[in-house]
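Chemist: With the input below, show me the fold.
(chains A, B and C, ligands or ions: 2)
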Amino acid sequence: HILDPSQEEAVNSPGPVVVVAGPGTGKTRTLAHRAVRLVRDGVPPGRIAAVTFTNKAAGEMRERILGLAGKEAEGLWTGTFHSLCLEILRDRGKDFEVVDDLEATRILEEVMAELGEKGRVQATYESLCRIRARGEKGGKLLDAYRGRLKAYGLWDYEELLWDAVELLEDPEVLGKVRDRFRHILVDEFQDVNLPQYKLVRLLAGDGKGLFVIGDPDQAIYGFRGADYRFFFKLKEDFPQARWVYLRTSYRCPEPILMAARRIISHNPDRFPVKLSAHRKEGPRIRLLRPSSELAEGIAVVREIGRMVGGATMLRAGGETERSFGDFAVLFRTAHQVEVLEECFLKEGLPYRVVGGRGFLEEPSVRGALTFFRFLLDPHDPFRARMVLSEGPFSLPPAEREKASRRITEGDWGRLGRLREVLEEFEGMEDKPAHEAVKKWTEIFGEDGHLLRLMRLAEGRGSLRNFLGMLPLYKDGDYERRGEGARTEAVSLMTLHAAKGLEFPVVFVVGVEEGLLPHAEGDPEEERRLFYVGMTRAREELILSAAKSRILHGRRAELPPSRFLRELPEDLVVRETPGPRRRRTSSQLSLF
DNA sequence: CTTCTCTTCATTTTT
DNA sequence: TGAAGAGAAG
Ligand SMILES: Nc1ncnc2c1ncn2[C@@H]1O[C@H](COP(=O)(O)OP(=O)(O)OP(=O)(O)O)[C@@H](O)[C@H]1O
Ligand SMILES: [Mg+2]
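Modeler: Ligands and ions are numbered 1, 2, ... in the order given. Alright, predicted model coming up:
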C-alpha cells in the first residue's frame, strides 16, 4: 500500500482534483486510496460516491476500497452512472422501470410502424441513443419514442441519465442530493457522455468534493456518444482544480509500454503526458502470422498449453510456469470468440467468455421471461405489449396496438392460444420458478438456454421471487466454460471489455487492416482501442495477424494492420509458424 | 394476415 | 454467411 509522490498528491490534494495518467499508472488504485483517505479524515462513508461505467468495474472498485479500509468504509456508495441516477431518482420518489435495449428496440419498432418510418430498427435505436448521449436535437421520431417510454413508465439507459440531470437542475433537489453525496469520485472519466458530465458538474457544485481520474488515450466509447474532450471542459468549469499527472506505469514492462506509446503517438492532438515504465526488463512483443482465423485460434491455444507447461520440457529456459488464469485473449469484434471457443474446446483448455450477451438474452429465454412477467401483471400495458413483441405470441409491430385493445375488450382473436396458455399457468406465480420453466418447455419445446434457465431457477423460490431477483444475475457471470468446475480459466473478451483489467499474458488477435482498425470505425479511436489492448499485459504480449479470414461469408485476404507498421521493429519478434507438422488429410483436402 | 423471395447490411455496450 | 426489412403473392 505504498503510493508514489504523484499518487500521494492525487490522494491528498483538496478537491477539485483532476488526474490524467496513462495505463497502469495506478489510477484505479489511487482513486481507492483517496476514498479511504476521505473516510479516515472523517467523511461519513455514506456521503461518498465512487462511480464508473460497468458493474464489473464498480464491483472491483468496491473490492479495492474495502480491501484497503475494511469495515471503516462500509456504506460507501459504489456503482455505475446508471445506478447512481436510479438511486437519485428513486430517492425522490420517481420510480420507473428500466428497460434494456432489446425491450427499448421493440418499443421503437412500434413507434416507427405508427409513424410509417422505414429502416433498420436496431440502427435507428442506436442513432437515437447517440443523439441523446451527445445532447443533439432529435426529430419527431425521438419525441414520439420518448413519449411512449413515459406513457409506459419506463426508462431506457439514456432517458435514465437525462431524467436525473433534469431533476438535479432544480436547485432545491440538487441541494439535498449534494448533501447526500458530498464527495464524488469518477474513474475512467475519458468515457463520459454529455448527461454524465452534466451530472458530475451538478453534483460537484463548487468542486470541493470532486475527484476525476482517467486517460484520454484510452477513450473507446466515442461511438456511443462519449467524448474525452470533457477533460478540457473541466478546465473551464473548475478553473481552480488541481491537475495531477501520474508518470510511472507499474503494469507493463518497458518494451511493451514503449511500443504502445509509439503507436498512440500517431494520434494527433493528444495530452502531452510523459510516461515511463517502472519495470525496465521484459521480453519483446511477439507477432504471429497464422494463415487463417482457425490457424490463429490453434496457435493461441497451443501456445497457452505450452506455456502452462503440460510438457515442461517445451518451455524455453527460464520461462515462468503459468496457470490458465494468467491469460487473456482479446479481439475486436464479439463474433471472433466463436472460432476461439472451438479451438479451446477441441484442445480441452479451460476458458471463460467475459462480457457479451448472456443466455438470458437468448430469444427463447426472453420469450419465456416476457410471458412470465406478463403473467404476474397482465394489466401492465407495457408487459402486455412485450408479450406481443417477442416469443411465441409475437405479432408484427403495426398490429400490436389493435390486438392489445381488442384483448381488453375480451376479443382474443388469433391470440386464443395466449389465453389458453395463461389459463394453464394460472396460479404458477407463487409456485416454484423452475416448475414454470419446465411447463413452458413442455409446451414450446426446450433448448440449451431454457435448460440453463431452469437450472438457474432451481431453489430460487417462487416464480414471482425469481423474476424479482433476475436483474442481479443479468450482469451475470456470463461464463461459458470449456471445462466444468475449473476456476482457473483463460479469459476471452473484446478489447472494450478488457478496459481497466490486467493479465500476465495477453494475446491480441486479428490485428489486420479492416478488422483492427475496423473498416467502419474512427481510426483514432481504433488506435486507442489497440493501445488499451496492448497495455493490459503485465508481462508478455503476443499479437496475431491472420493472412486471411472469413469476412461477410467470404474468405478475404487482409493486409496486416497499419498499427503493426507503427510498432518499433526492435521491440518485436516476428515468429514464423513453429515446427511444421504433418498435414492431415482434412488439411490436404482444402487444396 | 401469413408466407415467400429478394435486397441490403454488417463494430464496440451501459440497470 | 445470415439477419432484418421491403414488398409481392397467396
Ligand atoms: N505505487 C505503486 N507501486 C506498485 N505497484 C503499483 C503502484 N500503483 C499501482 N500499482 C500496480 O499497477 C497496476 C495497475 O494499477 P491500476 O489498475 O490501478 O492502474 P490504472 O491506471 O487504473 O490502469 P488502467 O489505465 O488500465 O485503468 C496494479 O497491478 C497495481 O497494483
Ligand atoms: Mg483503472
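Chemist: A:Ala556 versus the residue lying closest to A:Gln336 once chain neighbours are set aside, what's the distance?
Modeler: Of all residues not flanking A:Gln336 in the chain, A:Gly510 sits nearest, at 5.8 Å (C-beta to C-beta, 6 or more residues apart in numbering). All C-beta atoms are positioned from the backbone trio N, CA, C, and that covers glycine. According to C-beta to C-beta, to the nearest Å, A:Gly510 stands 12 Å off from A:Ala556.
Chemist: quick one: common contacting residues for those two?
Modeler: Jointly contacting A:Gly510 and A:Ala556 under the rule C-beta atoms under 8 Å, 6 or more residues apart in numbering are A:Arg549.
Chemist: Show me which of these two is the more surrounded one.
Modeler: Neighbours were tallied for A:Gly510 and for A:Ala556 using other C-beta atoms under 10 Å; the higher tally belongs to A:Gly510 (25 against 13).
Chemist: re the thing from before, helix or strand for the residue nearest to A:Gln336, which one?
Modeler: Of the helices and strands defined by DSSP states H and E, none includes A:Gly510.
Chemist: State the distance from it to DNA strand B.
Modeler: A:Gly510 sits 11 Å away from DNA strand B, going by C-beta to the nearest atom of the strand, to the nearest Å.
Chemist: looking at it, that residue is touching A:Leu543, isn't it?
Modeler: No: contact criterion C-beta atoms under 8 Å: A:Gly510 and A:Leu543 do not qualify, at 9.6 Å.
Chemist: and A:Leu185, what is it in contact with?
Modeler: Per C-beta under 8 Å, 6+ apart, neighbours of A:Leu185: A:Leu31, A:Arg34, A:Ala35, A:Ile48, A:Ala49, A:Ala50, A:Val51, A:Phe211, A:Val212, A:Ile213.
Chemist: Hmm, I typed the wrong one, I wanted A:Thr248.
Modeler: Listed by C-beta under 8 Å, 6+ apart, the contact partners of A:Thr248 are A:Asp4, A:Ser6, A:Thr25, A:Leu275, A:Ser276, A:Ala277, A:His278.
Chemist: ok, now A:Val329?
Modeler: Applying C-beta under 8 Å, 6+ apart, the residues near A:Val329 are A:Val300, A:Leu340, A:Val490, A:Ser491, A:Leu492, A:Met493, A:Val506, A:Phe507, A:Val509.
Chemist: Let me know the closest of the residues you listed to A:Leu84.
Modeler: Using C-beta to C-beta, A:Met493 comes nearest to A:Leu84 of the contacts of A:Val329, at 25.1 Å.
Chemist: Give me the spatial nearest neighbour of the closest one, chain neighbours excluded.
Modeler: Nearest residue to A:Met493 in three dimensions, chain neighbours excluded: A:Val354, at 4.0 Å (C-beta to C-beta, 6+ apart).
Chemist: Burial check on that neighbour, number of neighbours?
Modeler: 19.
Chemist: So it is in contact with A:Leu492, correct?
Modeler: Yes: using C-beta under 8 Å, A:Val354 makes contact with A:Leu492 at a distance of 6.9 Å.
Chemist: Phi and psi next, for the residue nearest to A:Met493.
Modeler: For A:Val354, the backbone dihedrals (degrees, to the nearest 10) come out as phi -100, psi 130.
Chemist: Could you do A:Tyr157 as well?
Modeler: phi -60, psi -30.
Chemist: so it makes contact with A:Leu102?
Modeler: No: using C-beta under 8 Å, A:Tyr157 makes no contact with A:Leu102, being 11.9 Å away.
Chemist: which bits of the stretch 1-150 of chain A sit near DNA strand C?
Modeler: When proximity is defined as C-beta under 7 Å from any atom of the strand, the stretch 1-150 of chain A approaches DNA strand C at A:Glu109, A:Lys118, A:Gly119, A:Arg120, A:Val121, A:Gln122.
Chemist: how about a markdown table for the residues you listed, with distance to A:Gly79 added?
Modeler: Output for these, formatted as a markdown table (distance: C-beta to C-beta, whole Å):
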| residue | distance to A:Gly79 |
| --- | --- |
| A:Glu109 | 31 |
| A:Lys118 | 39 |
| A:Gly119 | 35 |
| A:Arg120 | 33 |
| A:Val121 | 30 |
| A:Gln122 | 28 |
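Chemist: tell me the two of those residues that are most distant?
Modeler: A:Lys118 and A:Gln122 (13.6 Å).
Chemist: So between these two, which is more surrounded?
Modeler: More crowded of A:Lys118 and A:Gln122, by other C-beta under 10 Å: A:Gln122, with 13 against 8.
Chemist: Give me the pLDDT for A:Glu479.
Modeler: For A:Glu479, the pLDDT comes out at 42.
Chemist: Please apply the same query to A:Glu321.
Modeler: Looking at A:Glu321, its pLDDT is 83.
Chemist: Buried residues in stretch A:51-60, which are they?
Modeler: In terms of neighbour count (16 or more other C-beta atoms under 10 Å), stretch A:51-60 has its buried residues at A:Val51, A:Thr52, A:Phe53, A:Thr54, A:Asn55, A:Lys56, A:Ala57, A:Ala58, A:Glu60.
Chemist: Please determine whether that stretch lies in contact with ligand 1.
Modeler: No: contact of stretch A:51-60 with ligand 1 (C-beta under 6 Å from any ligand atom) is absent, the minimum separation being 8.8 Å.
Chemist: What is the end-to-end distance of that stretch?
Modeler: With C-alpha to C-alpha, to the nearest Å as the measure, stretch A:51-60 spans 11 Å from end to end.
Chemist: is it anywhere near DNA strand B?
Modeler: Yes: shown here: stretch A:51-60 in contact with DNA strand B (C-beta under 7 Å from any atom of the strand) through A:Phe53, A:Thr54, A:Asn55, A:Lys56, A:Ala58.
Chemist: again with stretch A:139-153
Modeler: No: Stretch A:139-153 stays clear of DNA strand B (C-beta under 7 Å from any atom of the strand), getting no nearer than 13.7 Å.
Chemist: buried stuff in that stretch?
Modeler: For stretch A:139-153, the neighbour count (16+ other C-beta under 10 Å) marks A:Leu141, A:Leu142, A:Ala144, A:Tyr145, A:Arg146, A:Arg148, A:Leu149, A:Tyr152 as buried.
Chemist: what's the closest of the buried residues of stretch A:51-60 to DNA strand C?
Modeler: Set against DNA strand C, the nearest of these by C-beta to the nearest atom of the strand is A:Thr54 (24.4 Å).
Chemist: What separation do you get for the closest one and A:Val506?
Modeler: Using C-beta to C-beta, A:Thr54 is found at 19 Å from A:Val506.
Chemist: Give me every residue in chain A lying close to ligand 2.
Modeler: By C-beta under 5 Å from the ion, the residues of chain A that approach ligand 2 are A:Lys27, A:Thr28, A:Gly500.
Chemist: Now rank those by neighbours and give me the top one.
Modeler: Ranked by the number of neighbours (other C-beta under 10 Å), the residues of chain A next to ligand 2 place A:Lys27 first, at 24 neighbours.
Chemist: I'd guessed A:Val365 sits against A:Gly448; true?
Modeler: No: A:Val365 lies out of contact with A:Gly448 (C-beta under 8 Å); the separation is 10.1 Å.
Chemist: higher neighbour count, those two?
Modeler: Taking neighbours as other C-beta under 10 Å, A:Val365 and A:Gly448 compare with A:Val365 leading, 21 against 10.
Chemist: Do me a favour and get the backbone dihedrals for the more buried one.
Modeler: Per degrees, to the nearest 10, the backbone of A:Val365 is at phi -70, psi -40.
Chemist: for the residue of the stretch 401-550 of chain A at minimum distance from DNA strand C, which residues make a bridge with it?
Modeler: In the stretch 401-550 of chain A, the residue that lies nearest DNA strand C is A:Ile550 (7.0 Å; C-beta to the nearest atom of the strand). Counting by DSSP bridges, A:Ile550 forms beta bridges with A:Arg555.
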